[in-house]
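A.B. asks: Generate coordinates for the sequence data below:
(one chain, ligands or ions: 1)
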Amino acid sequence: MKYLLCFLFMFLSLTGCMNEAELKALSKKNNHYNDSTSLNVLYSKKSEFAIVVHGGAGTILKENMSPEKEAGYKAKLEEAIRIGYNILKDGGSSLDAVQKTINVLEDSPLFNAGKGAVFTNAETNELDASIMDGKTLNAGASAGTTTVKNPIDLARAIMESSPHVMLSGEGAEVFAQEQGLEVVGSDYFFTQSRYESLKNAKENEKKKVANNKTALFDSSIKDSKFGTVGCVALDKNGNLAAGTSTGGMTNKRRGRIGDSPIIGAGTYANNNTCAVSSTGSGEYFIRGMVAYDISVLMEYKGLSLKDAANEVIQNKLPSIGDGAGNGGIIALDKYGNLVMEFNTAGMYRASMNDKGELFIGIYKD
Ligand code: ASP
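C.D. replies: Numbering: from 1, shown residues only. Below is the predicted model of the structure:
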């Protein structure tokens, strides 16, 4: 029956002899997809390969951003995404594209990952990262490292060269050294602006300012945001991958681990559904299993990526706990349909498709 239905869809897509409503009725009758399923998702390939990147969501308002600052963010996003795009264009893997794109953002002090990571309440920088291969469902994650220059490289090494999914703290650092990854002194991660963000958060804590649980307050743009970085990619072989890297939340308690290294919360990839990378208030993303939730809405309920992401980010996430579930995701499905969904004022984001079309956005519209 399944094969017959597949054949029927292929035939219909070629002949175009049924309209959208008829096709949906047919798929519904056979209990495969519900009303919100986009027909594009059923059989049309949007892009042979594609890549999407984020540099964090938050209260990012145009009126608080200088033209120079905005240009700086856009240039870095473009530099990063073009690295991944070229890997995909040359037939490289989605995993390589995700890792190398994230490396550029980790090395930039503009984002809360690698150089530019925020500070804990103990004035340390503790970094989290994860990566997932949609083809094999293999995954790697590192949490709370303080000396590994590019935590996404460590996450990939854990995935490929260890029997484990996640390593944390000192053990993760020993493993990184064994793997020959670049290790730096903890002063490498120091940036004055992030240090000032910590002081600011501590002041607010003393004054008992409500809603002080922000990832970082960037005094240079007067906005609070989550500066985590992430990337999702689809390669020419139809394989999806996702990765996320972060310094976490400013003034987080030492030892706190957020959603970014949690497979299913901060990162998820499955060739049958989608690849997702999250940014936002990690505690809520963990409780909502945000990335996996989007994937299973597609898998079990037949929702399109667009509808699944909208449901999770706009309805489910804000309804958890005291309603402080802020943030967003980027995602791609196996057809190259992409989504950049957020419930904050802005999200640093960029995408490229197989035609080389580049989109860069910061604010909502
Ligand atoms: N999700 C990250 C965390 O909670 C923060 C961020 O997105 O910037 O650690």
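A.B. asks: shaky segments in this protein?
C.D. replies: 1-44, 208-225 (pLDDT under 70).
A.B. asks: Kindly report the residues of it close to the ligand.
C.D. replies: 56, 112, 215, 226-228, 246, 248-249, 258-260, 279-280, 282 (Cβ under 6 Å from any ligand atom). C-betas here are computed from N, CA, C, even on glycine.
A.B. asks: name the element M159 belongs to?
C.D. replies: M159 is part of helix 151-161 when elements are defined by DSSP states H and E.
A.B. asks: Show me what the helix or strand following that helix is packed against.
C.D. replies: Scanning forward in sequence from helix 151-161 by DSSP H and E, the next helix or strand is strand 166-168. Where contact means 3 or more Cβ pairs under 8 Å, 6 or more residues apart in numbering; DSSP states H and E, strand 166-168 is packed against strand 138-145, helix 151-161.
A.B. asks: Now with 6 Å, please.
C.D. replies: strand 138-145 (3 or more Cβ pairs under 6 Å, 6 or more residues apart in numbering; DSSP states H and E).
A.B. asks: can you list the residues that contact the strand it packs on?
C.D. replies: For strand 138-145, the surrounding residues in contact (Cβ atoms under 6 Å, 6 or more residues apart in numbering) are 126-132, 151, 154-156, 158-159, 165-169, 172-173, 257, 261, 263.
A.B. asks: Next: stretch 103-113.
C.D. replies: With contacts defined as Cβ under 6 Å, 6+ apart, stretch 103-113 is touched by 55, 76, 79-80, 83, 114-116, 118, 150, 191, 216, 227-229, 245-247.
A.B. asks: Buried ones among these?
C.D. replies: 55, 76, 80, 83, 114-116, 118, 150, 191, 216, 227-229, 245-247 (16 or more other Cβ atoms under 10 Å).
A.B. asks: Among the residues you listed, which are located in strands?
C.D. replies: Under the assignment DSSP state E, these contribute 55, 216, 229, 245-246 to strands.
A.B. asks: tell me which of those is nearest to the ligand?
C.D. replies: Comparing these against the ligand with Cβ to the nearest ligand atom places T246 closest, at 4.8 Å.
A.B. asks: Now do that closest one against A57, distance only.
C.D. replies: 12 Å (Cβ to Cβ, to the nearest Å).
A.B. asks: what's the answer for I102, then?
C.D. replies: Relative to A57, I102 is positioned 16 Å away (Cβ to Cβ).
A.B. asks: Please apply the same query to D354.
C.D. replies: Taken as Cβ to Cβ, the span from D354 to A57 is 26 Å.
A.B. asks: The two: who's more crowded?
C.D. replies: A57 (31 against 18; other Cβ atoms under 10 Å).
A.B. asks: just checking, what packs against the host helix or strand of that one?
C.D. replies: For A57, the element it lies in under DSSP H and E is strand 50-58. Under the contact criterion of 3+ Cβ pairs under 6 Å, 6+ apart, strand 50-58 touches helix 67-89, strand 223-225, strand 229-234, strand 274-280, strand 327-333, strand 346-352.
A.B. asks: With distance to Q179 added, can I get these in a markdown table?
C.D. replies: Formatted as a markdown table, these follow (distance: least, Cβ to Cβ, whole Å):
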| stretch | distance to Q179 |
| --- | --- |
| helix 67-89 | 21 |
| strand 223-225 | 32 |
| strand 229-234 | 21 |
| strand 274-280 | 23 |
| strand 327-333 | 28 |
| strand 346-352 | 30 |
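A.B. asks: Figure out how far stretch 346-359 is from the centre of its chain.
C.D. replies: 14 Å (Cα atoms, centre = their mean, to the nearest Å).
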